[in-house]
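K.L.:
Sequence first, then the predicted structure:
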Amino acid sequence: MIDFHAHLDLYPDPQALVRRCVEMGVYVLSVTTTPSAYQGTRELALDAPRIRTALGLHPQVVGDRHPEMDLFEKLLPDVRYVGEVGLDGSVELRSTWELQGQVFNRILELCSQSGGRTLSIHSRRAARAVLDSIERNPGAGTPILHWFSGSMKDARRAIALDCWFSVGPAMLQSVKGRALVRLLPRTRILTESDGPFVQIAGRTISPWDVATTYIPLAEIWDTDIADVEHQLKINLRALASISAGRKTQTDRR
Ligand code: MN
């Protein structure tokens, strides 16, 4: 099982959750919302090789946390994964829109200068602006659009820009989400929970609940569940080999 976008540090008992993930063999991209959360979140997974921690600065907290860009810059040379980063065009965040753009573009620039990173990107109500930034920073690395909800036109553009996509149970429950997934190359799809911010059957989603995507994905891809699991595993392996090919500062020493 692969959960390529989960906020493990924001669950009530992160240690217990990590233990369950290890027992169940779940591969997790453990994203963070602030640079100051990175170190502690990484420490949760020191004994869990299938859990990778990403350095993030979430667009929803950029208004308060943008001074942490100094820390972001300091930590970036030694991380392979960046997220959650991106833009959020929701009405309630309008006052930070310009700042969000400056921060996201700076993050992509820094990623380029570091030789590229694997990025988990938020693009709610901001698909076009996110794609503009990705287009302007082709060396930033491999963008994975998490829970993409743009238009079909945006999706085609994202595919042309070599983006990957992480899709979760909530996205696959909506007609529009399924139509989008139908359009995406199946070799560039990973699953995600976005927990703990998603409810499933009246409770908080857990990383292993990504398994509920297999049936809808099998329907969309006109295949069986075993083939879906196989495809997702191949995709993860391909992405991991792209990520491993990028040198961090520690590798260079
Ligand atoms: Mn998230």
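P.N.:
Arrived safely, thanks for sending.
K.L.:
ok, residue 155 - how many residues close by?
P.N.:
23 (other Cβ atoms under 10 Å). All C-beta spots, glycine's among them, are computed from the backbone N, C-alpha and C.
K.L.:
and the strand or helix carrying residue 119, what other elements does it pack with?
P.N.:
When elements are defined using DSSP states H and E, residue 119 is found to belong to strand 117-122. When contacts are defined as 3 or more Cβ pairs under 8 Å, 6 or more residues apart in numbering; DSSP states H and E, strand 117-122 sits against strand 81-86, strand 141-146, helix 225-244.
K.L.:
In CSV, could you pull the C-alpha coordinates for the helix or strand of the chain with the lowest mean pLDDT?
P.N.:
Sorted by mean pLDDT, DSSP states H and E, the helices and strands of the chain end with helix 249-252, the least confident at a mean of 78. The C-alpha trace of helix 249-252 is given here as CSV (Å, rounded to 0.1, in the frame of the first residue of the first chain):
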residue,chain,number,x,y,z
GLN,A,249,24.3,17.5,0.3
THR,A,250,25.1,14.5,2.6
ASP,A,251,25.5,12.2,-0.5
ARG,A,252,28.0,14.6,-2.0
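K.L.:
Residue numbering should commence at 747 henceforth.
P.N.:
All right, first residue 747 from here; so that's helix 995-998.
K.L.:
In that helix, which residues are buried?
P.N.:
Buried positions in helix 995-998, judged by neighbour count with 16 or more other Cβ atoms under 10 Å: none.
K.L.:
Stretch 873-882 now?
P.N.:
Buried, per 16+ other Cβ under 10 Å, within stretch 873-882: 873, 874, 875, 876, 877, 879, 880.
K.L.:
Now, those that are in helices?
P.N.:
873, 874, 875, 876, 877, 879, 880 (DSSP state H).
K.L.:
Whichever residue of the stretch 897-999 of the chain sits closest to the ion in helix, strand or coil?
P.N.:
Residue of the stretch 897-999 of the chain nearest the ion, by Cβ to the ion: residue 940 (4.6 Å). Following DSSP: H, G, I helix; E, B strand; the rest coil, residue 940 is assigned to coil.
K.L.:
residues contacting it?
P.N.:
751, 752, 753, 892, 893, 914, 916, 951 (Cβ atoms under 8 Å, 6 or more residues apart in numbering).
K.L.:
cool, and residue 908?
P.N.:
Neighbours of residue 908 in contact, by Cβ under 8 Å, 6+ apart: 888, 889.
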